[in-house]
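Visitor: Next one to model:
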Amino acid sequence: MSIVAAMNSYEFVPSPEVAVALAAGKPVVALESTIISHGLPRPSNLEVAREVEAIVRAHGATPATIAILDGKVCIGLTDEQLIAIATRDDIAKASSRDLAIITATQKSAATTVAATAHLAVLAGIHIFATGGLGGVHRGANESFDESADLTALSDLDITVVCAGVKSILDVGATLERLETLAIGLVGYKTTHFPGFYLTDSGHTIEHQVNSADEIAAIIQARHSLKTDIHALIVANPVLREMDRARHDVILKSGLEGASKAGIVGKAVTPFLLEHFHRASKGESLKVNIEIIKSNSALAADIAVAAAR
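Guide: Down below sits the predicted model:
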(Lines give C-alpha, C1' and ligand atoms only; values in the text may rest on other atoms or scores of the structure.)
Protein backbone atom coordinates (compact mmCIF):
# COMPACT_ATOMS: atom_id res chain seq x y z
CA MET A 1 0.00 0.00 0.00
CA SER A 2 1.36 3.44 -0.92
CA ILE A 3 1.88 6.12 1.72
CA VAL A 4 -0.93 8.22 0.24
CA ALA A 5 -3.31 5.23 0.20
CA ALA A 6 -2.37 4.40 3.79
CA MET A 7 -3.09 7.96 4.85
CA ASN A 8 -6.51 7.86 3.26
CA SER A 9 -7.32 4.56 4.99
CA TYR A 10 -6.57 6.12 8.38
CA GLU A 11 -8.69 9.22 7.69
CA PHE A 12 -5.53 11.11 6.79
CA VAL A 13 -6.14 13.80 4.20
CA PRO A 14 -3.02 14.94 2.37
CA SER A 15 -3.24 18.25 0.55
CA PRO A 16 -2.97 17.88 -3.24
CA GLU A 17 0.51 19.41 -3.13
CA VAL A 18 1.74 17.02 -0.42
CA ALA A 19 0.11 13.99 -2.04
CA VAL A 20 1.97 14.64 -5.28
CA ALA A 21 5.30 15.22 -3.50
CA LEU A 22 5.05 12.06 -1.38
CA ALA A 23 4.00 9.91 -4.32
CA ALA A 24 7.00 11.18 -6.30
CA GLY A 25 9.45 10.79 -3.42
CA LYS A 26 10.19 14.51 -3.36
CA PRO A 27 11.44 16.31 -0.21
CA VAL A 28 8.70 17.30 2.24
CA VAL A 29 8.99 19.29 5.48
CA ALA A 30 6.46 18.90 8.29
CA LEU A 31 5.33 22.08 10.06
CA GLU A 32 3.38 22.32 13.28
CA SER A 33 0.12 24.25 13.50
CA THR A 34 0.07 25.18 17.20
CA ILE A 35 2.29 28.17 16.48
CA ILE A 36 -0.45 29.41 14.12
CA SER A 37 -3.42 28.92 16.45
CA HIS A 38 -1.85 29.45 19.87
CA GLY A 39 1.66 30.86 19.41
CA LEU A 40 1.25 33.99 17.31
CA PRO A 41 -1.35 36.78 17.55
CA ARG A 42 -3.92 37.42 14.84
CA PRO A 43 -3.66 38.47 12.04
CA SER A 44 0.11 38.02 11.83
CA ASN A 45 -0.30 34.29 12.51
CA LEU A 46 -1.82 33.69 9.09
CA GLU A 47 0.71 35.93 7.34
CA VAL A 48 3.60 34.08 8.98
CA ALA A 49 2.12 30.66 8.17
CA ARG A 50 1.93 31.58 4.51
CA GLU A 51 5.44 33.07 4.53
CA VAL A 52 6.91 29.97 6.17
CA GLU A 53 5.33 27.68 3.59
CA ALA A 54 6.67 29.95 0.82
CA ILE A 55 10.17 29.73 2.33
CA VAL A 56 10.06 25.92 2.31
CA ARG A 57 9.00 25.94 -1.34
CA ALA A 58 11.72 28.47 -2.25
CA HIS A 59 14.31 26.11 -0.78
CA GLY A 60 13.13 23.22 -2.94
CA ALA A 61 10.83 21.26 -0.62
CA THR A 62 7.09 20.91 -0.12
CA PRO A 63 5.57 22.26 3.13
CA ALA A 64 3.21 19.97 5.06
CA THR A 65 1.54 21.95 7.83
CA ILE A 66 -0.23 19.37 9.99
CA ALA A 67 -3.53 19.84 11.85
CA ILE A 68 -6.84 18.13 12.60
CA LEU A 69 -9.94 19.72 11.11
CA ASP A 70 -13.38 18.33 11.93
CA GLY A 71 -11.91 14.95 12.79
CA LYS A 72 -9.73 14.66 9.68
CA VAL A 73 -5.95 14.48 10.01
CA CYS A 74 -4.67 16.99 7.47
CA ILE A 75 -1.14 16.42 6.19
CA GLY A 76 -0.55 19.71 4.46
CA LEU A 77 -3.16 22.46 4.43
CA THR A 78 -4.85 24.33 1.63
CA ASP A 79 -5.00 28.10 2.05
CA GLU A 80 -8.61 27.78 3.14
CA GLN A 81 -7.57 25.33 5.85
CA LEU A 82 -4.71 27.59 6.95
CA ILE A 83 -7.24 30.38 7.38
CA ALA A 84 -9.41 28.07 9.50
CA ILE A 85 -6.54 27.19 11.83
CA ALA A 86 -5.55 30.85 12.11
CA THR A 87 -9.00 32.31 12.72
CA ARG A 88 -11.41 29.77 14.19
CA ASP A 89 -12.03 29.93 17.94
CA ASP A 90 -12.76 26.22 18.34
CA ILE A 91 -9.22 25.05 17.57
CA ALA A 92 -7.88 23.01 20.49
CA LYS A 93 -4.21 22.28 21.21
CA ALA A 94 -3.50 18.57 20.70
CA SER A 95 -0.53 16.56 21.90
CA SER A 96 -0.02 12.90 20.98
CA ARG A 97 -2.38 11.58 23.64
CA ASP A 98 -5.21 13.77 22.34
CA LEU A 99 -5.09 12.68 18.69
CA ALA A 100 -7.48 9.74 18.84
CA ILE A 101 -9.93 11.67 21.04
CA ILE A 102 -9.99 14.71 18.75
CA THR A 103 -10.43 12.65 15.58
CA ALA A 104 -13.04 10.26 17.01
CA THR A 105 -15.15 13.14 18.30
CA GLN A 106 -14.87 15.04 15.00
CA LYS A 107 -13.24 18.06 16.64
CA SER A 108 -10.50 20.36 15.40
CA ALA A 109 -7.03 20.95 16.82
CA ALA A 110 -3.64 22.36 16.08
CA THR A 111 -0.82 19.92 16.71
CA THR A 112 2.08 20.35 19.12
CA VAL A 113 5.63 19.20 18.40
CA ALA A 114 4.85 15.73 19.80
CA ALA A 115 1.63 15.33 17.81
CA THR A 116 3.06 16.81 14.61
CA ALA A 117 6.10 14.53 14.73
CA HIS A 118 3.91 11.48 15.36
CA LEU A 119 1.60 12.22 12.45
CA ALA A 120 4.45 13.23 10.15
CA VAL A 121 6.19 9.89 10.61
CA LEU A 122 2.92 8.02 10.00
CA ALA A 123 2.63 9.96 6.76
CA GLY A 124 6.18 9.13 5.71
CA ILE A 125 7.67 12.56 6.46
CA HIS A 126 10.92 12.58 8.43
CA ILE A 127 12.06 16.22 8.44
CA PHE A 128 10.26 18.70 10.71
CA ALA A 129 10.73 22.41 11.42
CA THR A 130 9.42 24.06 14.57
CA GLY A 131 10.23 27.06 16.74
CA GLY A 132 11.35 25.74 20.11
CA LEU A 133 11.24 22.28 21.61
CA GLY A 134 9.26 21.54 24.76
CA GLY A 135 11.14 20.11 27.71
CA VAL A 136 11.41 19.85 31.47
CA HIS A 137 9.62 22.68 33.25
CA ARG A 138 11.17 24.61 36.11
CA GLY A 139 10.28 23.00 39.41
CA ALA A 140 9.65 19.64 37.74
CA ASN A 141 11.28 17.91 40.71
CA GLU A 142 8.06 18.74 42.56
CA SER A 143 5.45 19.01 39.79
CA PHE A 144 6.79 16.28 37.43
CA ASP A 145 5.85 18.67 34.62
CA GLU A 146 7.65 17.57 31.47
CA SER A 147 6.61 18.14 27.87
CA ALA A 148 5.36 15.14 25.93
CA ASP A 149 7.71 16.31 23.15
CA LEU A 150 10.59 14.48 24.79
CA THR A 151 9.04 11.05 25.17
CA ALA A 152 7.42 11.31 21.74
CA LEU A 153 10.72 12.11 20.06
CA SER A 154 12.44 9.25 21.87
CA ASP A 155 10.35 6.86 19.78
CA LEU A 156 10.26 8.47 16.33
CA ASP A 157 12.50 8.50 13.27
CA ILE A 158 12.42 12.22 12.59
CA THR A 159 14.87 15.10 12.34
CA VAL A 160 13.64 18.22 14.12
CA VAL A 161 15.08 21.66 13.40
CA CYS A 162 14.47 24.04 16.30
CA ALA A 163 16.01 26.97 18.18
CA GLY A 164 16.77 24.76 21.16
CA VAL A 165 14.22 24.65 23.94
CA LYS A 166 12.16 27.58 25.13
CA SER A 167 14.06 29.64 27.68
CA ILE A 168 11.07 29.43 30.03
CA LEU A 169 12.08 25.80 30.74
CA ASP A 170 14.79 24.11 32.79
CA VAL A 171 17.32 23.86 29.95
CA GLY A 172 19.90 21.81 31.86
CA ALA A 173 17.37 19.21 32.97
CA THR A 174 15.97 19.03 29.43
CA LEU A 175 19.41 18.30 28.00
CA GLU A 176 19.87 15.53 30.56
CA ARG A 177 16.55 14.00 29.48
CA LEU A 178 17.54 14.18 25.80
CA GLU A 179 20.67 12.21 26.63
CA THR A 180 18.78 9.65 28.72
CA LEU A 181 16.21 9.16 25.96
CA ALA A 182 18.99 8.67 23.35
CA ILE A 183 17.73 11.59 21.25
CA GLY A 184 20.53 12.81 19.00
CA LEU A 185 21.62 16.44 19.23
CA VAL A 186 23.78 18.58 16.94
CA GLY A 187 24.32 22.32 16.83
CA TYR A 188 24.10 24.05 13.47
CA LYS A 189 27.26 26.14 13.17
CA THR A 190 27.50 26.34 16.96
CA THR A 191 28.52 24.44 20.08
CA HIS A 192 26.28 26.63 22.26
CA PHE A 193 22.83 25.23 22.92
CA PRO A 194 20.33 27.97 22.05
CA GLY A 195 17.52 29.04 24.34
CA PHE A 196 14.85 30.07 21.83
CA TYR A 197 14.93 33.87 22.21
CA LEU A 198 18.63 33.60 23.13
CA THR A 199 21.47 32.30 20.94
CA ASP A 200 23.19 30.76 23.97
CA SER A 201 21.36 29.18 26.90
CA GLY A 202 24.62 28.76 28.83
CA HIS A 203 24.86 25.07 27.96
CA THR A 204 27.15 23.48 25.39
CA ILE A 205 26.58 20.99 22.56
CA GLU A 206 29.09 18.24 21.93
CA HIS A 207 28.64 18.00 18.16
CA GLN A 208 28.65 20.83 15.61
CA VAL A 209 27.60 20.54 11.95
CA ASN A 210 28.05 23.21 9.31
CA SER A 211 25.89 22.23 6.35
CA ALA A 212 22.66 20.51 5.33
CA ASP A 213 24.77 17.89 3.54
CA GLU A 214 26.49 16.97 6.82
CA ILE A 215 23.11 16.55 8.49
CA ALA A 216 21.86 14.42 5.59
CA ALA A 217 24.93 12.20 6.00
CA ILE A 218 24.14 11.81 9.71
CA ILE A 219 20.56 10.85 8.85
CA GLN A 220 21.85 8.15 6.50
CA ALA A 221 24.32 6.89 9.12
CA ARG A 222 21.54 6.76 11.72
CA HIS A 223 19.55 4.55 9.36
CA SER A 224 22.51 2.24 8.73
CA LEU A 225 23.34 1.96 12.43
CA LYS A 226 19.68 1.51 13.47
CA THR A 227 19.77 4.51 15.80
CA ASP A 228 16.98 6.23 13.88
CA ILE A 229 14.42 4.78 16.27
CA HIS A 230 15.04 8.00 18.22
CA ALA A 231 14.79 11.55 16.86
CA LEU A 232 17.65 13.82 15.86
CA ILE A 233 17.53 17.43 17.09
CA VAL A 234 19.24 20.12 15.01
CA ALA A 235 19.67 23.18 17.23
CA ASN A 236 19.68 26.27 15.03
CA PRO A 237 20.20 29.52 16.98
CA VAL A 238 18.34 32.66 15.97
CA LEU A 239 20.56 35.20 14.23
CA ARG A 240 19.56 38.18 16.40
CA GLU A 241 18.59 37.37 19.96
CA MET A 242 16.52 39.43 22.37
CA ASP A 243 18.30 41.79 24.71
CA ARG A 244 19.46 39.33 27.37
CA ALA A 245 18.90 41.51 30.43
CA ARG A 246 15.43 42.45 29.22
CA HIS A 247 14.67 38.80 28.49
CA ASP A 248 15.58 37.75 32.02
CA VAL A 249 13.42 40.44 33.63
CA ILE A 250 10.41 39.52 31.49
CA LEU A 251 10.88 35.80 32.13
CA LYS A 252 10.99 36.35 35.89
CA SER A 253 7.81 38.42 35.91
CA GLY A 254 6.08 35.96 33.59
CA LEU A 255 6.88 32.95 35.75
CA GLU A 256 5.65 34.82 38.82
CA GLY A 257 2.45 35.78 37.00
CA ALA A 258 1.77 32.20 35.89
CA SER A 259 2.31 30.94 39.41
CA LYS A 260 -0.03 33.51 40.96
CA ALA A 261 -2.71 32.78 38.35
CA GLY A 262 -2.43 29.02 38.92
CA ILE A 263 -1.52 28.39 35.29
CA VAL A 264 0.03 24.96 34.79
CA GLY A 265 0.64 22.29 32.14
CA LYS A 266 0.16 23.06 28.47
CA ALA A 267 -1.38 26.44 29.29
CA VAL A 268 1.98 27.75 30.57
CA THR A 269 3.71 28.16 27.20
CA PRO A 270 1.04 30.25 25.44
CA PHE A 271 0.64 32.36 28.62
CA LEU A 272 4.36 33.11 28.76
CA LEU A 273 4.66 33.74 25.03
CA GLU A 274 1.85 36.27 25.23
CA HIS A 275 3.48 37.81 28.33
CA PHE A 276 6.78 38.13 26.45
CA HIS A 277 4.99 39.74 23.50
CA ARG A 278 3.27 42.35 25.68
CA ALA A 279 6.18 43.08 27.99
CA SER A 280 8.78 43.29 25.21
CA LYS A 281 6.50 45.54 23.11
CA GLY A 282 6.68 43.15 20.18
CA GLU A 283 10.42 42.39 20.26
CA SER A 284 9.87 38.75 21.25
CA LEU A 285 7.30 38.32 18.49
CA LYS A 286 9.80 39.47 15.88
CA VAL A 287 12.38 37.02 17.22
CA ASN A 288 9.80 34.22 17.31
CA ILE A 289 8.91 34.83 13.66
CA GLU A 290 12.56 34.91 12.60
CA ILE A 291 13.12 31.62 14.43
CA ILE A 292 10.43 29.70 12.57
CA LYS A 293 11.45 31.21 9.22
CA SER A 294 15.11 30.31 9.72
CA ASN A 295 14.32 26.80 10.94
CA SER A 296 11.97 26.16 8.03
CA ALA A 297 14.63 27.20 5.52
CA LEU A 298 17.23 24.92 7.11
CA ALA A 299 14.78 22.02 7.34
CA ALA A 300 13.99 22.38 3.64
CA ASP A 301 17.70 22.38 2.81
CA ILE A 302 18.14 19.20 4.87
CA ALA A 303 15.14 17.53 3.20
CA VAL A 304 16.54 18.34 -0.24
CA ALA A 305 20.00 17.07 0.71
CA ALA A 306 18.57 13.88 2.23
CA ALA A 307 16.54 13.19 -0.91
CA ARG A 308 19.56 13.25 -3.24
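
Visitor: Low-confidence ranges, the protein, go.
Guide: The chain contains residues with pLDDT under 70 at 1-10, 137-146, 265-266.

Visitor: Can you show me the helices along it?
Guide: With DSSP state H as the criterion, the chain has helices at 3-9, 16-23, 34, 44-58, 79-87, 99-104, 113-122, 140-143, 148-153, 171-180, 212-224, 244-261, 268-279, 283-307.

Visitor: Give me the buried stretch members for the longest one, please.
Guide: Spelled out, that is helix 283-307. For helix 283-307, the neighbour count (16 or more other CB atoms under 10 Å) marks 283-285, 287-306 as buried. All C-beta atoms are positioned from the backbone trio N, CA, C, and that covers glycine.

Visitor: Next, the angle helix 268-279 makes with that helix.
Guide: 130 degrees (axes from the mean of the first three to the mean of the last three CA atoms, to 10 degrees).

Visitor: Who are the packing partners of helix 283-307?
Guide: Judged by 3 or more CB pairs under 8 Å, 6 or more residues apart in numbering; DSSP states H and E, the packing partners of helix 283-307 are strand 28-31, helix 44-58, strand 127-129, strand 159-162, helix 212-224, helix 268-279.

Visitor: From the chain's centroid, how far away is it?
Guide: 10 Å (CA atoms, centre = their mean, to the nearest Å).

Visitor: neighbours of residue 188, just the number please.
Guide: Neighbours of residue 188 under the rule other CB atoms under 10 Å: 23.

Visitor: what do you get for the one 3 residues further on?
Guide: In terms of burial, residue 191 registers 13 neighbours under the definition other CB under 10 Å.

Visitor: Assess the claim that it and residue 205 are in contact.
Guide: Yes: taking contacts as CB atoms under 8 Å, residue 191 lies within contact range of residue 205: 5.1 Å.

Visitor: Could you identify which of the helices and strands packed on helix 283-307 is most buried?
Guide: strand 127-129 (a mean of 31; mean count of other CB atoms under 10 Å).

Visitor: which helices and strands sit right next to that strand?
Guide: strand 28-31, helix 113-122, strand 159-162, helix 283-307.

Visitor: what lines up beside it in the sheet?
Guide: strand 28-31 (parallel), strand 159-162 (parallel) (DSSP bridges).

Visitor: Redo those as CSV? Include distance to residue 151.
Guide: As requested, these are exported to CSV (distance: least, CB to CB, whole Å):
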stretch, distance to residue 151
strand 28-31, 18
strand 159-162, 14
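
Visitor: Now distance to residue 132 too, for the helices of the chain, in CSV please.
Guide: Output for the helices of the chain, formatted as CSV (distance: least, CB to CB, whole Å):
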stretch, distance to residue 132
helix 3-9, 28
helix 16-23, 25
helix 34, 11
helix 44-58, 15
helix 79-87, 19
helix 99-104, 21
helix 113-122, 9
helix 140-143, 17
helix 148-153, 10
helix 171-180, 11
helix 212-224, 19
helix 244-261, 13
helix 268-279, 9
helix 283-307, 7
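
Visitor: For residue 58, list the residues it contacts.
Guide: residue 300 (CB atoms under 8 Å, 6 or more residues apart in numbering).

Visitor: who touches the residue positioned nearest the centre of the chain in this structure?
Guide: Residue closest to the average C-alpha location in the chain (CA atoms, centre = their mean): residue 130, at 2.8 Å. Residue 130 sits next to 31, 32, 35, 113, 116, 160, 161, 162, 292, 295 when contact means CB under 8 Å, 6+ apart.

Visitor: cool, and residue 157?
Guide: Residue 157 neighbours (CB under 8 Å, 6+ apart): 121, 126, 228, 229, 230, 231.

Visitor: Which of those residues are buried, as a ChimeraX select command?
Guide: Typed into ChimeraX, the line below selects the buried ones among the contacts of residue 157, using 16+ other CB under 10 Å:
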select :121,126,228,230,231
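
Visitor: So which of the contacts of residue 157 is the closest to residue 23?
Guide: Of all those, residue 23 sits closest to residue 126, with 16.1 Å by CB to CB.

Visitor: Verify the contact between that closest one and residue 158 for me.
Guide: Yes: Residue 126 is within contact range of residue 158, at 5.2 Å (criterion: CB under 8 Å).

Visitor: Spit out the residues that contact the two alike.
Guide: residue 120.
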